[in-house]
Each structure stands twice: as C-alpha cells, then as structure tokens.
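Colleague: just coords:
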C-alpha cells in the first residue's frame, strides 16, 4: 500500500499551471528524486504532500498515522538561542528533559545527539551566528532524528561540503522512505531508486537512478519531436484546405471542418518545453601565457592559517578546480590570486591582458534595488557581447528572463534566477579568466549541462570552486585540494581522479599496516608445505608474456604523463582529456595486478 498518493492534482500560480491533473504515489523503501526546471513547482509539490499547501483540485491520500518530516531548502530555526535548542524544537523534543522520563523520549534525545555529532553541529553554538551550512546540518540532524515514515528533502546538498554530502548520501540510503529535490547529479546516481520529473504540469516516473533517466528521457524527447512534426504537418495541410474557401463549406465537408477545430484546440493545449539558456562566452583578447604565479604565499586571519606557503603557477587555458571542506580557505585563495586580498607572506605575480569574470557565491555583484536589466546593462538598453550589439531584453531572453521579468528588482528573484542573472552579467562582456565560486547552487539540471559544455569548449582560463562533483569532473583538468592547516595539494584530473588517488594511498597504508602487524613465524615450528603444483601450458605462456605486458603498460604510462605535461595539452577536447586521466589512473592497478600474478606464477614454477 502506498504511503501517500496524489490523485488528479491541480494547482496553478496565476495563469501558469504547476500541476495539471497530476498523479503520483510513493511506497515504503523508495528513495524518489523529484526533478524539473526551476519554477516548475517542485518545492510547492513537496508542501502539498507535507500538508502545508492545498490543491486547487484533486486530492492527497495519506496512510493512517503517516509521519512526515520536511527539511526545507533554507531551514527556519525560529527564535532558538542555540543550534541544539533549534534541533530539539524541530524534532519535537522539549528542551527541559525533567518533564520526560519515558523510554521513547530518551531514545529520541539520544538519536538527536548522535546525528548532531555525525553532522558536525555544535549544539552550544548561538543560532543567530550560524552559517547557512550549519543551519542546514542542524535541520538535517533533526529530520533524521525524528525517524519519519517519509522524509522530504528540498536541496539537501546546498551549503554542504564534499564530506558532508558523502555522509548525507549514507544517511539517505538508510531512511525508511525519502522524496528529495536536488540538482546534484552525482548524489542522484548514488541514492535515487526512482526519478519523478515535473514537466509542464505533468508528473512522469522513471525507474532507476539519474543516468538511467537520461537515457529514457532522450528516447522520449526524440519520439515526442517526431510526433509533433507529424501533427504540425497534418494541421498545416488542414489549415491550407480551409482557407480555400467555398469547398470547405460544403455540407459533405462539415466533418472535416470539425476535425480541424479539434486540431486547433489540441495544438493550443500543447505546451512546448521551455527553452534552454543560450550561453556563449566571449574570451576577448588573449591573456599572457602566464596568468598568475604564487610563490610561498601564506594568509592568516588572527591565529588561523587559511593558506600556508603555497607555490602555484597558473598558465593560460588551465582549468583548475579547488576542493575542500567549508571554511578551508578556497574563496580566500581565489581572492589572493585575483588581488582582492594581499598575502601576509610570499608574492603573487599576475599576467598581462587579464579580463576577469568573477562569479561570487555571495552574489555581491548584484544590486538588490535595481532591476534585472539595470544590473546587466546599467544606463543602457544594449549589450555588446561576442562582437554583436543586442537589445537587453533579447540578451536576457537567452537566460530565460521574459521582457516583463527583466523589469523586476533583484530582491524579488529566486535563488535560481539570481544565479542566471549573475551569469548573464558576467558573460555580457569579454573575459579570458573566468572565476566561479559555487556557480551551480540553484541551477536546474539542464542549465548545469549547458554551462558545463560552454566551459569545456571555451578557450578562457577557468578557476572553479564547487561541491558539485559531476560538474568538477566535467570542467576541470587539474585540482587543488585543501588538506587542512592551510596546505593545498595539486593533482591531475577532476574529483574522480583525486578520489582514486586518495583510495590508492589509503590502500597502501592498509597494506603497510597489515605487514607491520603480521605475526612473525615461530622459530622451530615446521611450516606447512603446500602441494607441488605444475604450471599448465597456458600458465607457462602467460608467465613468459607478463614481462612484456608490464613493460608496455609502463611505456604507456610514461607516454601519457608526457603528453599531459605538454603546454598545449589543455587545447585537446575535454572528452579526450577525461579518457586520458581515467587510463592514467587505471594503469598503476593493472601493473600491480600483473606484478602480483608474475610473482605467483614464478613461485609455483620454482617449487
């Protein structure tokens, strides 16, 4: 039996239908992801299911006694004094424990303490001073502590760092049932068992994770496009016939006239998919070959060191991702590179002809009181971009802003609209150094895909701070990882490559620990002698071929390393670079496996 069922749901915002006789059901054990364009009504649908928003038509049926908990996109902690008090209130627990001594209440308190600890929340921290990440982790801890039958999560990865997102994946996978909204594609692939798409008022269900959804959706859109073309062609023929006049008014053709009227109604009712953003980056003049060089740079705030003795050279065309936990100094490092901050120690040398576009995660580049159009083209109705002069309303249309929305003040925009506006402002002028500090927050999945492809194809130098692992993998060719105490390490490739490197190091550490703690052979004790095993013909041939195979892998490894170190390597297609990185990461394990097999066969041959 479903936990909750939506039947013929109807809901509109003004003249825009958010739900159009939509149907939906979720069962215990499912982890369902709700996806769709920004503004399609995903958060509104969550409110309907939670019972905090009513439908215009249709009904929501819930199982008797169903316990639902919601963690909003921007959690409200009320007037709580501390984060611990806020979490207790959200979890329905009184702050005065003396009034409660029953076992269930004690267990709930213990669960809350456990989740606060696991999510790194200091319960004594003043709520008023909490950052966005601390507020989100507090609300998540309370939500998991309630142990609901159905957990509703709205953009749960926002404000979380990579470690927090990885922990969240683990916690969501253990829930009884979860319905979530997120634009984090890596997260979707790891946790979702079903995808529900809200598209033009309709809900469509796709089994499996996000990758499986993409394949099914591609097939559906191709079939829809073919059907629409056939419909439009037939409709055009009928319209041409009716315009011939007298023939169409004959009695024997009245059926055809009525059919045309129905075609017109169907065509009017068919809602086209809303368009994609039309991003294009004008890189303007080329910068100097050297973009920036840091030599022994350190930066401290009070007693805390956020950058310690960093030496780094950034060359034209580099695409560098900066990874690390919240508060590790990633944004500070960007500001040091750009000259917005001066180092306490060391030097920063910047290249020539730099034209910088800086996407700030705090959105400081936007004027809240001015309109969308005024933010992009202050004092003008025209935008000069890519060698073309365009009217501001036409340019903003590329970023999905209607002419009416162009006159809206920034203070009235949603998070996704603010992100699109900042992108429109940045790309309205030429830039050969693009600096992006958390650009993916609040962008829908299709906009993310488009931004990825544009960054992959552009010739500008890119510096990226992001917790979106799929986005980092798609865009960057090298990473700087914050290791703690202001130290940064440099790695070839994206997030997956760094993850593989970290796993190899951990595996090496485990093997060394096993060797160190392995018991030594007891003197005088006879060792068991394994039975003699002669090599088969196939194994003998394999043994003879192994040295050559290992040499070939080592030669391939050397060639790949040399190619990737070439100054013009970054000009190759992003797909080729990703394939090279994946192969380079794979070769050490292949060599290790073949060396192990060689040793095994030689030992058997020597017995």
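Modeller: Yes, it's here. What you are looking at is a predicted structure, and each value in this text was computed from that prediction instead of being measured.
Colleague: Point to the helix or strand of the chain where mean pLDDT is at its lowest.
Modeller: Here the helix or strand of the chain ranked lowest by mean pLDDT, DSSP states H and E is helix 254-269, holding a mean of 63.
Colleague: C-terminal to that helix, which secondary structure element comes first?
Modeller: Next helix or strand after helix 254-269 toward the C-terminus (DSSP states H and E): strand 290-301.
Colleague: So which elements touch the first helix or strand past that following strand going along the chain?
Modeller: With elements assigned by DSSP H and E, the helix or strand that comes after strand 290-301 is strand 304-315. Here strand 304-315 touches strand 290-301, helix 330-338, strand 345-350, strand 461-465, strand 487-492, going by 3 or more Cβ pairs under 8 Å, 6 or more residues apart in numbering; DSSP states H and E. Glycine gets a C-beta too; all of them are placed from N, C-alpha and C.
Colleague: again, only this time at 7 Å
Modeller: Secondary-structure packing of strand 304-315 (3 or more Cβ pairs under 7 Å, 6 or more residues apart in numbering; DSSP states H and E): strand 290-301, helix 330-338.
Colleague: what's next to the last one, contact-wise?
Modeller: What it means is helix 330-338. 292, 297, 299, 306-307, 322, 324, 341, 343, 348, 356, 358, 435, 437, 463, 465, 482 (Cβ atoms under 7 Å, 6 or more residues apart in numbering).
Colleague: And it, what's buried?
Modeller: Of all the residues in helix 330-338, those buried under the rule 16 or more other Cβ atoms under 10 Å are 330, 331, 332, 333, 334, 335, 336, 337, 338.
Colleague: among those residues, which two are most distant?
Modeller: 330 and 338 (13.1 Å; Cβ to Cβ).
Colleague: since we're on residue 280, how many residues are nearby?
Modeller: As a burial measure, residue 280 scores 12 neighbours (other Cβ atoms under 10 Å).
Colleague: Kindly indicate whether residue 435 is helix, strand or coil.
Modeller: Classification of residue 435 using DSSP: H, G, I helix; E, B strand; the rest coil returns strand.
Colleague: Am I right that it is in contact with residue 355?
Modeller: No. Residue 435 sits out of contact with residue 355 when judged by Cβ atoms under 7 Å, with a separation of 11.5 Å.
Colleague: Looking at these two, which one has more neighbours?
Modeller: Neighbours per residue, other Cβ under 10 Å: of residue 435 and residue 355, the larger number sits with residue 435, 21 against 17.
Colleague: What separation is there between the more buried one and residue 492?
Modeller: Between residue 435 and residue 492 the distance, using Cβ to Cβ, to the nearest Å, works out to 21 Å.
Colleague: Check residue 334 too.
Modeller: Relative to residue 492, and taking Cβ to Cβ, residue 334 is found at 21 Å.
Colleague: With distance to residue 137 and mean pLDDT as added columns, please give the helices and strands packed on strand 304-315 in a markdown table.
Modeller: Listed next are these as a markdown table, based on distance: least, Cβ to Cβ, whole Å; pLDDT from 0 to 100:
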| stretch | distance to residue 137 | mean pLDDT |
| --- | --- | --- |
| strand 290-301 | 23 | 95 |
| helix 330-338 | 18 | 93 |
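Colleague: For the ones you listed, could you give me CSV that also reports distance to residue 117?
Modeller: Shown next, in CSV, are the helices and strands packed on strand 304-315 (distance: least, Cβ to Cβ, whole Å):
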stretch, distance to residue 117
strand 290-301, 27
helix 330-338, 25
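Colleague: between those, which gets nearest to residue 102?
Modeller: helix 330-338 (46.2 Å).
Colleague: just the angle between that closest one and strand 304-315, please?
Modeller: Counting by axes from the mean of the first three to the mean of the last three Cα atoms, to 10 degrees, helix 330-338 lies at 50 degrees to strand 304-315.
Colleague: what's the nearest residue to residue 137 if we skip its chain neighbours?
Modeller: residue 119 (4.3 Å; Cβ to Cβ, 6 or more residues apart in numbering).
Colleague: wait, which of the buried residues of helix 330-338 is closest to residue 450?
Modeller: Using Cβ to Cβ, residue 334 is the member of the buried residues of helix 330-338 that lies nearest residue 450, at 23.4 Å.
Colleague: could you pull out the strands for the stretch 1-150 of the chain?
Modeller: 4-13, 16-26, 31-35, 57-62, 68-71, 150-154 (DSSP state E, counting those that start in this stretch).
Colleague: Make a markdown table out of those strands and add distance to residue 104 and mean neighbour count.
Modeller: Below are the strands of the stretch 1-150 of the chain laid out as a markdown table (distance: least, Cβ to Cβ, whole Å; neighbours: other Cβ atoms under 10 Å):
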| stretch | distance to residue 104 | mean neighbour count |
| --- | --- | --- |
| strand 4-13 | 24 | 17 |
| strand 16-26 | 26 | 19 |
| strand 31-35 | 26 | 23 |
| strand 57-62 | 22 | 14 |
| strand 68-71 | 16 | 21 |
| strand 150-154 | 19 | 24 |
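Colleague: So which of those strands is nearest residue 548?
Modeller: Closest approach to residue 548 among the strands of the stretch 1-150 of the chain is made by strand 31-35 (48.2 Å; Cβ to Cβ).
Colleague: what is the mean pLDDT for the closest one?
Modeller: Strand 31-35 shows a mean pLDDT of 95.
Colleague: Neighbouring strands - and their directions - for that strand?
Modeller: Strand pairing for strand 31-35, using DSSP bridges, gives strand 178-181 (parallel), strand 194-199 (parallel).
Colleague: what residue ranges in the stretch 101-250 of the chain score low on pLDDT?
Modeller: Residues of the stretch 101-250 of the chain meeting the criterion pLDDT under 70: 101, 231, 235, 238-239, 241-250.
Colleague: any chance you could map the helices in it?
Modeller: Remark: helices assigned in the stretch 101-250 of the chain by DSSP state H, counting those that start in this stretch are 103-118, 132-145, 162-173, 185-191, 210-242.
Colleague: Quick check: which of these is buried the most?
Modeller: helix 132-145 (a mean of 25; mean count of other Cβ atoms under 10 Å).
Colleague: Could you check how far the residue sitting nearest the centre point of the chain is from residue 383?
Modeller: Relative to the mean C-alpha position of the chain, the nearest C-alpha, by Cα atoms, centre = their mean, is the one of residue 184, at 3.0 Å. Per Cβ to Cβ, residue 184 is found 32 Å from residue 383.
Colleague: tally of neighbours for the residue lying closest to residue 368 once chain neighbours are set aside?
Modeller: Distances taken as Cβ to Cβ, 6+ apart place residue 411 nearest to residue 368, at 4.5 Å, with adjacent residues excluded. Residues lying near residue 411 (other Cβ under 10 Å) number 11.
Colleague: quick check, residue 411 in a strand?
Modeller: No. Under three-state DSSP, residue 411 sits outside any strand and is assigned helix.
Colleague: Next one: it from residue 550, what distance?
Modeller: 64 Å.
Colleague: same thing with residue 432?
Modeller: Residue 432 is 44 Å from residue 550, by Cβ to Cβ.
Colleague: Between those two, point out the one with more neighbours.
Modeller: Between residue 432 and residue 550, counting by other Cβ under 10 Å, residue 432 is the more crowded of the two (25 against 17).
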